[in-house]
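> need coordinates for the following:
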Amino acid sequence: MNKPIFVWIRNIKFSANLPTANCEFISSNNVVNAIMTAETARNCQFTHGLAQMVIAHDYQGNTVVCAIKPVHIQCTEGQFIKMVNFSHNKNEGLVGRFLKLLSFVSVKELLPFVVFILNNEEVLKLFMRSEASFKHHHCYIGGLFEHSIEVAEMTYQNAKHLGHSDIECQTGLVAALFHDIGKIYPALNMNNEKYCSGPHESYTFALLAKPLGELGSRNSRIFSMLTELLAGKPYGHKTRYPIEHVLKQADRSSAESNYAKIQFDALPSHYYFTKVNGNVMYRLNSSS
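Coordinates of the predicted model:
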């Protein structure tokens, strides 16, 4: 079956005479009209907004919705389209993954972080278009956004599989999603659009001052955990929260995996090894 895609549903209407429904949605900045069974439409209990969808085409070329799953997030169609246009190469899938992560945040004390990122257009645009590093991992336009999503997805899913509480999983998700957002601080406040190394952990606290302040006044225990996860760690630091290990492993996995991929980018697909700083790095692919 085809892979799920993220789309913005404008409307779902049931047919008066047939056991079908018509669906109008936006995909790749195009308005698409599709058909689905009435049962699929009823089961989704959804008429408009962001959704993950699996589509196919029948022998007449009609677009058919095979499966649909709503993403419950406080976001408008205009915001979604603007975010897609902000993203590098108008990456609708990455924007959908980002909004899906935000939809997992249900703990009321953590909701100000969702409001902060969705309602600060300048911060959001830079977050989506900045590099994650100078010459290491995700060192390209949109790399910071991609890395942050990867770390948040792994942290949240791994924490759930490992049996952490919902509140720990969501705190870990927020920390993972914004752990590197301080890297946009120079561009935001110093008129420097290029990646600039610096104490990005400290910059993160400066950027997130408002939602952190709200959290601190509402729940000191969640505040302590989140700030611990976001803070820079000195050599010999002893972890107080087990979920910090989950986040650190996710961060390292995303960074090292991307760095390895970059080393092979300019090589033909049949190359299965390359040298990096005197060390040999291997890969396996479909032609191996």
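> next SSE downstream of the biggest helix by length in the chain?
Using DSSP state H, we find that the single longest helix of the chain is helix 243-264. Where DSSP states H and E defines the elements, the next helix or strand beyond helix 243-264 is strand 273-276.
> direction included, what does that next one pair against?
Counting by DSSP bridges, the strands paired with strand 273-276 are strand 279-282 (antiparallel).
> before we move on, back to that, name the residues of the longest helix of the chain that are buried.
243-244, 246-248, 250-251, 254-255, 258-259, 262, 264 (16 or more other Cβ atoms under 10 Å). All C-beta atoms are positioned from the backbone trio N, CA, C, and that covers glycine.
> and what of stretch 263-281?
By neighbour count on 16+ other Cβ under 10 Å, the buried set for stretch 263-281 is F264.
> point out where this protein drops to low pLDDT.
1, 191-198, 234-236, 287-288 (pLDDT under 70).
> okay, helices next: where are they in it?
According to DSSP H, the helices that the chain contains are 38-44, 77-86, 92-103, 111-119, 121-129, 143-161, 166-178, 185-189, 200-207, 209-218, 220-230, 243-264.
> ok so, going back, what is the longest helix of the chain packed up against?
helix 143-161, helix 166-178, helix 220-230, strand 273-276 (3 or more Cβ pairs under 8 Å, 6 or more residues apart in numbering; DSSP states H and E).
> Throw those into CSV and include distance to F113, thanks.
Shown next, in CSV, are those (distance: least, Cβ to Cβ, whole Å):
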stretch, distance to F113
helix 143-161, 12
helix 166-178, 5
helix 220-230, 9
strand 273-276, 37
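> please identify the deepest-packed of these.
With neighbours defined as mean count of other Cβ atoms under 10 Å, the helices and strands packed on helix 243-264 peak in mean count at helix 166-178, which reaches a mean of 24.
> starting at the chain centroid, how far to that one?
Relative to its chain's centre, helix 166-178 lies at 13 Å (Cα atoms, centre = their mean, to the nearest Å).
> tell me what it is packed against?
Using 3+ Cβ pairs under 8 Å, 6+ apart, helix 166-178 is in contact with helix 92-103, helix 111-119, helix 143-161, helix 220-230, helix 243-264.
> now distance to L50 too, for these, in TSV please.
Converted to TSV, the helices and strands packed on helix 166-178 look like this (distance: least, Cβ to Cβ, whole Å):
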stretch	distance to L50
helix 92-103	6
helix 111-119	12
helix 143-161	15
helix 220-230	26
helix 243-264	24
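> looking at these, which is closest to K135?
Distance to K135, taken as Cβ to Cβ, is lowest for helix 243-264 among those, at 9.4 Å.
> which residues touch that closest one?
132-133, 136-139, 143, 146-147, 150-152, 154-155, 158-159, 162, 164, 168-169, 171-172, 175-176, 179, 225, 228-229, 239, 271, 274, 276, 281, 283 (Cβ atoms under 8 Å, 6 or more residues apart in numbering).
> what do you get if the cut-off is 6 Å, keeping everything else the same?
Residues from elsewhere that reach helix 243-264, judged by Cβ atoms under 6 Å, 6 or more residues apart in numbering: 136-138, 147, 150-151, 154-155, 158-159, 164, 168, 172, 176, 229, 274, 276, 281.
> before we move on, the earlier item: quick one, which of the helices of the chain gets closest to I55.
Go through the helices of the chain one by one with Cβ to Cβ and the one that ends up closest to I55 is helix 38-44, at 11.5 Å.
> show the end-to-end separation of stretch 203-223, please.
Stretch 203-223 has an end-to-end distance of 17 Å (criterion: Cα to Cα, to the nearest Å).
> distance from that stretch to the middle of the chain?
21 Å.
> on that earlier part again, distance from the longest helix of the chain to the middle of the chain?
Worked out by Cα atoms, centre = their mean, helix 243-264 lies 15 Å from the chain centre.
> with stretch 18-25 instead?
30 Å.
> what's that stretch in contact with?
With contact meaning Cβ under 6 Å, 6+ apart, stretch 18-25 is reached by 7, 9-14, 32-36, 38, 41, 65.
> how about that stretch as PDB, C-alpha atoms only?
In PDB, the C-alpha atoms belonging to stretch 18-25 read as follows (Å, rounded to 0.1, in the frame of the first residue of the first chain):
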ATOM      1  CA  LEU A  18     -24.400   6.200  -3.000                       C
ATOM      2  CA  PRO A  19     -22.500   4.600  -0.100                       C
ATOM      3  CA  THR A  20     -19.600   7.000  -0.800                       C
ATOM      4  CA  ALA A  21     -18.300  10.400   0.200                       C
ATOM      5  CA  ASN A  22     -16.500  13.200  -1.600                       C
ATOM      6  CA  CYS A  23     -13.300  14.700  -0.100                       C
ATOM      7  CA  GLU A  24     -11.700  17.900  -1.100                       C
ATOM      8  CA  PHE A  25      -8.100  18.400   0.200                       C
END
